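Chemist: Please work out how this folds:
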Amino acid sequence: MWRARPASTTFVPADAAINALKTSVDQGFTFTYSDATHGAGDSASTAFTVHLNGVNDTPELSASLGATTYTDTSADDPFTAVTGQLTGSDRDSSDTSTGVYGIDGGTTGGHDVIGLVTYDVSKASGYGTLYVESSTGKYTFVPADAAINALKTSVDQGFTFTYSDATHGAGDSASTAFTVHLNGVNDTPELSASLGATTYTDTSADDPFTAVTGQLTGSDRDSSDTSTGVYGIDGGDDWRPRRHRLGDL
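Modeler: Next up, the predicted model:
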């Protein structure tokens, strides 16, 4: 008896399409066999079924800027805000369009306009505030200059961005870290005098001259340093006034 030569078959799955499934479906095919010598009517067929079990996939979140660094110097430094873009994605079809961006532990419902962007989520820290626009994923960190200048050592301030599919609740969410590296240093103190000069004018008579007084004010951007400041006179003695032939200070 004559037998037909076997034919090889293969099914190549479409990864993205299967990952996009959230429910189970079957995809059916039909193999055919026909004896060419007798025409199309002399044929056979058999089924081939692909069973696809879908599930709600976990979304993913990435940030264009995952960390930033501010370095303090001994001067009074200004620090500039940084901005970035969050990108959330979900392998399940249609879920990405409903995603909402945020900050773990942040405050929602705000209306902070910075650089023409209206941020509605924010989280404050000791060294600045992080803002997110929940609908687009735009974000910015606005540093607190005084607090960073007050640092004498290096510290890290961490935040966590979030992305959730609003149609499925907070349980269907992703997160990514954002870290602010702060390099502190011992700042140079500053000193001001309420009276920086005085004038005495001699006349031809025997003139009396009156003493003047003033107030020195010292400050230091480093936290706690100002309270330990000591005032003095360059070249002076700490137990008696500095003497000069034209007067004592």
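Chemist: where along this protein do the helices fall?
Modeler: 15-19, 145-149 (DSSP state H).
Chemist: Output these in CSV; the columns should cover mean neighbour count and mean pLDDT.
Modeler: Quick note: C-beta positions are derived from backbone N, CA and C, even for glycine. Listed next are those as CSV, based on neighbours: other CB atoms under 10 Å; pLDDT from 0 to 100:
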stretch, mean neighbour count, mean pLDDT
helix 15-19, 12, 83
helix 145-149, 19, 93
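Chemist: ok, now which ones touch the closest residue in space to residue 173 that isn't next to it in sequence?
Modeler: Leaving out its chain neighbours, the residue that sits closest to residue 173 by CB to CB, 6 or more residues apart in numbering is residue 164, at 3.9 Å. The contact partners of residue 164, by CB atoms under 8 Å, 6 or more residues apart in numbering, come to 59, 99-100, 102, 170, 172-174.
Chemist: Now restrict the residues you listed to buried residues only.
Modeler: 59, 99-100, 102, 172-174 (16 or more other CB atoms under 10 Å).
Chemist: Mind checking which of the residues you listed are in strands?
Modeler: 99-100, 102, 173-174 (DSSP state E).
Chemist: Return the item of the contacts of residue 164 having minimum pLDDT.
Modeler: The member of the contacts of residue 164 with the lowest pLDDT is residue 170, at 52.
Chemist: domain ranges for this structure?
Modeler: 15-53, 60-183 (automatic domain parsing).
Chemist: could you dump those to TSV with distance to residue 237?
Modeler: Converted to TSV, the domains of the chain look like this (distance: least, CB to CB, whole Å):
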stretch	distance to residue 237
domain 15-53	82
domain 60-183	29
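Chemist: just the ones you listed: most buried one?
Modeler: Neighbour counts (mean count of other CB atoms under 10 Å) averaged over each of the domains of the chain peak at domain 60-183, with a mean of 17.
Chemist: Give me the distance between it and the centre of its chain.
Modeler: 3 Å (CA atoms, centre = their mean, to the nearest Å).
Chemist: ditto for stretch 205-220
Modeler: Worked out by CA atoms, centre = their mean, stretch 205-220 lies 52 Å from the chain centre.
Chemist: what's that stretch in contact with?
Modeler: Against stretch 205-220 from outside (CB under 8 Å, 6+ apart): 187, 189-195, 198, 200, 226, 229, 231.
Chemist: Stretch 122-138 now?
Modeler: Residues contacting stretch 122-138 (CB under 8 Å, 6+ apart): 70, 83-88, 100-103, 105-108, 110, 112, 114, 117-121, 139-144, 147-148, 151, 155, 157, 159, 161, 163, 178, 180, 182.
Chemist: repeat that with 6 Å
Modeler: 85-86, 100-103, 106-107, 110, 112, 117, 119-121, 139-144, 147-148, 157, 159, 182 (CB atoms under 6 Å, 6 or more residues apart in numbering).
Chemist: taking those one by one, which sit in strands?
Modeler: Checking these against DSSP E, those in strands are 85-86, 100-103, 107, 110, 112, 117, 119-121, 139-143, 157, 159, 182.
Chemist: Report the beta-bridge partners for the closest residue to residue 144 other than its chain neighbours.
Modeler: Distances taken as CB to CB, 6+ apart put residue 128 closest to residue 144, at 4.8 Å, once the chain neighbours are dropped. Taking DSSP bridges as the rule, residue 128 bridges to residue 125, residue 143.
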